[in-house]
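>>> Here is my input; please provide its structure:
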Amino acid sequence: MSRWRPPRPKSSPYITQEGYRALENELKQLWERRKDVTAALSAAAAEGDRSENAEYIYRKKELREIDRRIRYLQKRLPSLTIVSELPANREQIFFGAWVTLEKTDGSEVTYRIVGPDEIDSGKGYISLDSPLARALLKKTLDDEVVIRNELRETRYYVVDIDYR
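Next up is the predicted model:
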């Protein structure tokens, strides 16, 4: 019996210039890595019995993952829209904005709204498709943003908007 899952909703096709360059570089690096893995796979295949050859099985799996990512990037890159211009109204929150929010406990967090292909929690990048980013769009300074989920409700106040 298979486990059917509905298809995921399409993510936003927007990306920053830096994000697009990063994906292009990743694609180039994957092609280079693929050459090395293919050579190692050929060497492992030449050793004989493939059913018990751990090196062959590992390289085959690694090649499959590289090919999957290359295929995804080759389909995704042409469909992306690079957003490089700043919005006319910089007092509101739009794609690419750095937003500083104050929580109800007084602590502050800073996020940048980017495309779904650029998400990086370490840098504070959140997806345009995330509930927080959707709630922040078109807000201005001192606006209140409320995020509700099944467990709790979180309130934020917009403290700063910056387009670096």
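>>> The residue nearest the centre of the chain: helix or strand, and which one exactly?
With distances taken as Cα atoms, centre = their mean, residue 117 lies nearest the centre of the chain, 2.9 Å away. Of the helices and strands defined by DSSP states H and E, none includes residue 117.
>>> same deal with residue 55?
helix 54-79.
>>> which is the next helix or strand following that helix?
strand 81-82.
>>> about what we covered before: from residue 85, how far out is the residue nearest to the centre of the chain?
With the distance defined as Cβ to Cβ, to the nearest Å, residue 117 ends up 19 Å from residue 85. For every residue, glycine as well, the C-beta is placed using N, CA and C.
>>> mind showing which ranges of the protein have poor pLDDT?
Along the chain, the parts satisfying pLDDT under 70 run over 1.
>>> Which parts of it are helices?
Counting by DSSP state H, the chain has helices at residues 17-45, 54-79, 131-136.
>>> Report the backbone C-alpha coordinates of stretch 142-162 in CSV.
Output in CSV follows, covering the C-alpha atoms of stretch 142-162 (Å, rounded to 0.1, in the frame of the first residue of the first chain):
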residue,chain,number,x,y,z
ASP,A,142,4.8,50.8,14.3
ASP,A,143,2.3,48.4,12.8
GLU,A,144,1.3,45.3,14.9
VAL,A,145,1.5,41.9,13.3
VAL,A,146,-0.3,38.9,14.8
ILE,A,147,0.7,35.3,13.9
ARG,A,148,-1.7,32.6,15.0
ASN,A,149,-1.2,28.9,14.9
GLU,A,150,-2.8,25.9,16.6
LEU,A,151,-0.7,26.3,19.7
ARG,A,152,-0.4,30.1,20.3
GLU,A,153,-0.6,33.6,19.2
THR,A,154,2.5,35.8,18.7
ARG,A,155,2.5,39.5,18.4
TYR,A,156,5.2,41.6,16.8
TYR,A,157,5.6,45.4,16.3
VAL,A,158,7.5,46.7,13.3
VAL,A,159,10.4,48.7,14.6
ASP,A,160,12.5,49.2,11.5
ILE,A,161,12.3,48.7,7.7
ASP,A,162,15.5,48.8,5.6
